[in-house]
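1. The following comprises the amino acid sequence and a computationally predicted model.
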Amino acid sequence: MENLGTRLSGQLEPLAAWFRSLNIPEPITHWGHPMMMGTVIFVMGSYVAYAGWQGRLAQDKEVADHNRSMHRKLAPLMFTFLALGYTGGLLSLVMQKQPILASPHFWTGTIALVLLATNSVLSKLFVKQSALRMVHAYVGTVTMGLLVLHTALGIKLGLSI
């Protein structure tokens, strides 16, 4: 795995060198990714999760419909921002000359994106099947929990660099 990380770092190095040449202040290089992704996870992610559950549980049909609609609109954006942030996090580590596949933070981020992608497929292919919609709800909830752990591991990583 170390060899793969080294090869991936080597492939990202030209782009990282270009960003380093911009003389971005070190605190932005170091903490920019965590601040932006923390916002996506805790602001957007918590709302997406809340809207998803409210869409399932609200007694008022209008409230449920509104929440389902918001969930459908915002969840793909959240996934997109997290995927972009994932690549930004890798680039940030390469810019700081840190190993990229060595930390639990990398692995929780990877697993979270895979779970979100799986959940997207569940929501599109099995929208009419109640049992799979319930699986979708629980996979999303587990993923949000994983993203909280991911955040804690990211803070630990950031403080260790």
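-> That came in fine, so what should we check first? Numbers count the residues shown, from 1 in each chain.

2. so where does residue 46 fall, helix or strand?
-> Using DSSP states H and E, the element containing residue 46 is helix 46-57.

3. Of all the residues in that helix, which ones are buried?
-> Residues 48-49, 51-52, 54-55 are the ones in helix 46-57 that count as buried (16 or more other Cβ atoms under 10 Å). From N, CA and C alone the C-beta is placed, and that goes for glycine too.

4. Give me the residue at the spatial middle of this structure.
-> By Cα atoms, centre = their mean, the chain has its centre lying nearest to residue 82, at 3.6 Å.

5. what sits against that residue?
-> With contact taken as Cβ atoms under 8 Å, 6 or more residues apart in numbering, residue 82 is in contact with 37, 40-41, 112-113, 116.

6. Buried members of the residues you listed into PyMOL, please.
-> This is how PyMOL selects the buried members of the contacts of residue 82, with burial counted by 16+ other Cβ under 10 Å:
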select buried, resi 37+40+41+112+113+116
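
7. quick one on the thing from earlier: show me what the mean pLDDT comes to for the helix holding residue 46.
-> The average pLDDT within helix 46-57 is 95.

8. So what touches that helix?
-> Here helix 46-57 has contacts from 63-65, 67-68, 70-71, 74-75, 78, 133, 137, 140-141, 144, using Cβ under 8 Å, 6+ apart.

9. Quick check, pLDDT for residue 123.
-> 85.

10. what helices or strands is whichever strand or helix holds it leaning on?
-> Here residue 123, judged by DSSP H and E, is contained in helix 104-125. If contacts are counted by 3 or more Cβ pairs under 8 Å, 6 or more residues apart in numbering; DSSP states H and E, helix 104-125 sits against helix 61-95, helix 130-160.

11. From residue 79, how far off is residue 43?
-> Residue 43 sits at a distance of 15 Å from residue 79 (criterion: Cβ to Cβ, to the nearest Å).

12. who's more crowded, the two?
-> residue 79 (18 against 11; other Cβ atoms under 10 Å).

13. If I look at the nearest residue to that one once chain neighbours are set aside, what pLDDT would I see?
-> Closest residue to residue 79 apart from its sequence neighbours, by Cβ to Cβ, 6 or more residues apart in numbering: residue 116 at 5.1 Å. Looking at residue 116, its pLDDT reads 96.
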